[in-house]
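Chemist: Need coordinates for the following:
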Amino acid sequence: MRISRLPWAAPDELAAELRDHFTDFEEGAVDVSDIAAEVASKGDAALLELTARFDATEIEPTRLAVPLDEADDALEELDDEVEATLRMAVENVSIVAAAQLNDEERLVELPQGQTVLVGEVPVGAAGIYAPGGRASYPSTVVMGCATARVAGVERLVLVAPPGPDGKINPTTLAAASICGVDEIYAVGGAQAIFALARGTESIKPVDVIAGPGNDWVQAAKKTVFGEVGIDSLAGPSDLMVILDGDTDPHLAALDLCAQAEHGSESILLAVGPDDETLKRLEAEVERIALEQPSVKHCRLATVVAPSSELAIDLANAFAPEHLQLMDEGSAALASRIRTAGCVFTGPFTATAFGDYVAGSNHVLPTDGTGRIFGPLSPATFRRKTARVSLDADAARLLAGPLDALARAEGLPVHGMSATARAEEDE
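Modeler: Model (predicted):
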């Protein structure tokens, strides 16, 4: 674990410096245009070739589609405790997702007599990307698929990279079975995103793509945004922890190291009230990182903040994916947080609970994009609708004003279209 102490500065300035600090540690921007071209020109064949080239499989892949029976079989073989945990996670995520729905249509009556019926409808098809390969993320299957089901999506497609044996991890398949996924494909990376967005011989296009992934996956999601909807830019994980002198440094260090398990690209930031508090934390982080092989080589930045209020200002400027407010002072200021993907308050509320079973969604905006995106929710898989109705009286009242404005814009036929209705009633 590389640990760097950064000096305090104005929150906006320091947030920008921190982004630069971690960007320097990352590889350069990726280019997915060649992958897009291969998938477009060669379809399924390209997906198989790219899977063999980029994913962790040690076996030459010969198929993309995974029969749903294999997911059901994986569920039958699953450890009972893991199955119970997955079902708990599905139930909790579904309860939270259902609370976010707005199923009721609302009829708005306007002064001139016209009505507008507003509501929401689910998209027809959604694709969920679950990272995989040498690691597996059945929890991401739960987060994406349970939420899409609550949203009312009819066709639910899961894509995940195969592991070294050429197959999707069995726990991931079991989670797909619990969630009632309709189609499963063993393909990952940017090529999976392009296949979901544009289709191949085997994979029909979807309307929305959701799920976290590496820089390649996020670059592909950026490329297809507008052709399909996306949830957010949910890339490599990041965590910001705010603590004080009374915070247990061991717990805070465990939370930081837990996010480091997601890979060396993970961004870790700790903000404390003084040098001594951060030294204790840094020592614990180094000890855990040395003892736990799953903790990848990451970079941790630590900062002394003059007050809890300024630490909150830094959090809003940095817009972390996960924000833990572990001390009483910052937890009391949680309502001031505007940009974090998800906020965890108090010493008992580890980010790990949100990653698995708390009920909140772990597909969150990263890299500062919490300023514009929110957590994955049913809204990701639903679209607003409007139905307008005018009677003759409303048409007559609105036609004249519309005609004047249309002519002012240089679009006279718009006005003719409206006034024709008014004249019909005379």
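Chemist: what's the spacing between the helix or strand of the chain with the lowest mean pLDDT and its chain's center?
Modeler: Ranking every helix and strand in the chain by mean pLDDT, DSSP states H and E puts helix 328-331 at the bottom, with a mean of 84. On the basis of C-alpha atoms, centre = their mean, to the nearest Å, helix 328-331 is displaced by 27 Å from the centre of the chain it belongs to.
Chemist: Okay, buried residues for it please.
Modeler: 329-331 (16 or more other C-beta atoms under 10 Å). Quick note: C-beta positions are derived from backbone N, CA and C, even for glycine.
Chemist: Any chance of CSV for those residues, columns distance to Cys298?
Modeler: Formatted as CSV, these follow (distance: C-beta to C-beta, whole Å):
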residue, distance to Cys298
Gly329, 27
Ser330, 23
Ala331, 25
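Chemist: so Phe194 makes contact with Ser33?
Modeler: No: at 10.4 Å, Phe194 does not count as touching Ser33 under the criterion of C-beta atoms under 8 Å.
Chemist: list residues touching both of these two?
Modeler: Thr223 (C-beta atoms under 8 Å, 6 or more residues apart in numbering).
Chemist: So which of those two has more stuff around it?
Modeler: Phe194 (27 against 11; other C-beta atoms under 10 Å).
Chemist: I figured Pro361 was touching Cys145, is that so?
Modeler: Heads up, residue 361 is Asn, not Pro. No: the pair Asn361 / Cys145 is not scored as a contact, 11.5 Å apart, by C-beta under 8 Å.
Chemist: per-domain residue ranges of the chain.
Modeler: 2-28+235-371, 33-96+122-232, 390-424 (automatic domain parsing).
Chemist: ends of the first one, how far apart?
Modeler: Same thing as domain 2-28+235-371. 28 Å (C-alpha to C-alpha, to the nearest Å).
Chemist: Same check on stretch 179-186?
Modeler: Span of stretch 179-186 from end to end, C-alpha to C-alpha: 17 Å.
Chemist: could you give me the average pLDDT of that stretch?
Modeler: The predicted model assigns stretch 179-186 a mean pLDDT of 97.
Chemist: Identify all contacting residues around it.
Modeler: 51, 61, 63-66, 68, 70-71, 90, 128, 141-142, 145-146, 149, 155-162, 166-168, 173, 176, 192, 195, 202-203.
Chemist: Enumerate the positions of that stretch that are buried.
Modeler: 179, 181, 183-186.
Chemist: residues in contact with the residue nearest the centre of the chain?
Modeler: Central residue of the chain (C-alpha atoms, centre = their mean): Val363, 3.4 Å from the mean position. By C-beta under 8 Å, 6+ apart, the residues touching Val363 are 140, 143-144, 210-212, 231-232, 234, 375-376.
Chemist: likewise Pro138?
Modeler: With C-beta under 8 Å, 6+ apart, Pro138 has these contacts: 86, 130, 169, 171-172, 174-175.
Chemist: Let's see that with 7 Å instead.
Modeler: Contacts for Pro138 (C-beta atoms under 7 Å, 6 or more residues apart in numbering) come out as 86, 171-172, 174-175.
Chemist: what's the closest non-adjacent residue to it?
Modeler: Distances taken as C-beta to C-beta, 6 or more residues apart in numbering place Ala175 nearest to Pro138, at 3.8 Å, with adjacent residues excluded.
Chemist: I figured the one you found was touching Leu86, is that so?
Modeler: Yes: in this structure, Ala175 is within contact of Leu86 by C-beta atoms under 7 Å, at 5.4 Å.
Chemist: what sits in contact with each of the two?
Modeler: 138, 142.
Chemist: Between the two, tell me which one has more neighbours.
Modeler: Each of Ala175 and Leu86 has its neighbours counted (other C-beta under 10 Å); Ala175 has more, 33 against 25.
Chemist: how close does the more buried one get to Leu48?
Modeler: 24 Å (C-beta to C-beta, to the nearest Å).
Chemist: And Val108, by the same measure?
Modeler: Val108 is 51 Å from Leu48, by C-beta to C-beta.
Chemist: nearest to Leu243, of the buried residues of stretch 179-186?
Modeler: Cys179 (36.2 Å; C-beta to C-beta).
Chemist: how about the least confident helix or strand of the chain as CSV, C-alpha atoms only?
Modeler: Presented in CSV, the C-alpha positions along helix 328-331 are these (Å, rounded to 0.1, in the frame of the first residue of the first chain):
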residue,chain,number,x,y,z
GLU,A,328,-19.9,12.1,15.5
GLY,A,329,-19.1,15.5,14.2
SER,A,330,-19.2,14.6,10.5
ALA,A,331,-22.1,12.1,10.9
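Chemist: Give me the contact list for it.
Modeler: 242, 244, 308, 311-312, 325, 345-346.
Chemist: Which member of these is positioned nearest Ala418?
Modeler: Looking across the contacts of helix 328-331 and measuring by C-beta to C-beta, the closest to Ala418 is Ile312, at 51.5 Å.
Chemist: which helices and strands does the helix or strand harbouring Ala52 pack with?
Modeler: Ala52 is part of helix 44-54 when elements are defined by DSSP states H and E. Helices and strands touching helix 44-54, by 3 or more C-beta pairs under 7 Å, 6 or more residues apart in numbering; DSSP states H and E, are helix 33-42, helix 189-198.
Chemist: coming back round to it: emit the ChimeraX select command for whichever of the contacts of Val363 are buried.
Modeler: To isolate the buried ones among the contacts of Val363 in ChimeraX, judged by 16+ other C-beta under 10 Å, type:
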select :140,143,144,210,211,212,231,232,234,375,376
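Chemist: So which of the contacts of Val363 are in strands?
Modeler: Ala210 (DSSP state E).
Chemist: Rank the contacts of Val363 by pLDDT and give me only the lowest.
Modeler: Ala234 (85).
Chemist: any idea what sits nearest that one, other than its immediate chain neighbours?
Modeler: Closest to Ala234 by C-beta to C-beta, 6+ apart is Pro212, at 3.9 Å.
Chemist: right, and that neighbour touches Met143 too?
Modeler: No: with contacts counted by C-beta under 7 Å, Pro212 stays clear of Met143, the gap being 8.9 Å.
Chemist: Thanks a lot, see you next time.
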